[in-house]
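Enquirer: any chance you could fold what I've pasted below:
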Amino acid sequence: MHFVRAGVGSLLVAALLAGPGTAQAQSAKLEEAAGLAGLAMFIESGAVGMVLVVVDGDDQIVVGYGETAKDSGKTPDG
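Expert: Residues are numbered from 1 along each chain as shown. Take a look at the predicted model:
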């Protein structure tokens, strides 16, 4: 079941990045993909922290969720 959830997140990212658009629209799609899919994957994983990188051509976004170690207060930053 855990693999199914990760697969759904990956499909969401792929769907958000599909299709033509301007550079600004593409960047917004990357941010939306990281925000929605990343948060869902992080919450469902039960992990202390997670780093998500989304790359599409020359565009990329790196987002950290949670903490680098339990009770560290430091967000992972890739």
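Enquirer: all strands for this protein, in order.
Expert: 49-56, 59-66 (DSSP state E).
Enquirer: alpha carbons of the last one, as CSV, please.
Expert: Coordinates of the C-alpha atoms in strand 59-66 are reproduced here as CSV (Å, rounded to 0.1, in the frame of the first residue of the first chain):
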residue,chain,number,x,y,z
ASP,A,59,13.6,24.3,-14.1
GLN,A,60,14.0,22.7,-10.7
ILE,A,61,12.7,23.1,-7.2
VAL,A,62,14.0,21.7,-3.9
VAL,A,63,11.6,21.5,-0.9
GLY,A,64,12.3,20.2,2.6
TYR,A,65,9.6,18.8,4.9
GLY,A,66,9.9,17.9,8.6
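Enquirer: would you mark the buried spots in that strand?
Expert: 61, 63, 64, 65, 66 (16 or more other C-beta atoms under 10 Å). (Glycine included, C-beta is placed from N, CA and C.)
Enquirer: just give me the closest of the residues you listed to residue 54.
Expert: residue 61 (5.2 Å; C-beta to C-beta).
Enquirer: for that closest one, list the residues it contacts.
Expert: Shown in contact with residue 61 (C-beta atoms under 8 Å, 6 or more residues apart in numbering): 27, 30, 31, 34, 53, 54.
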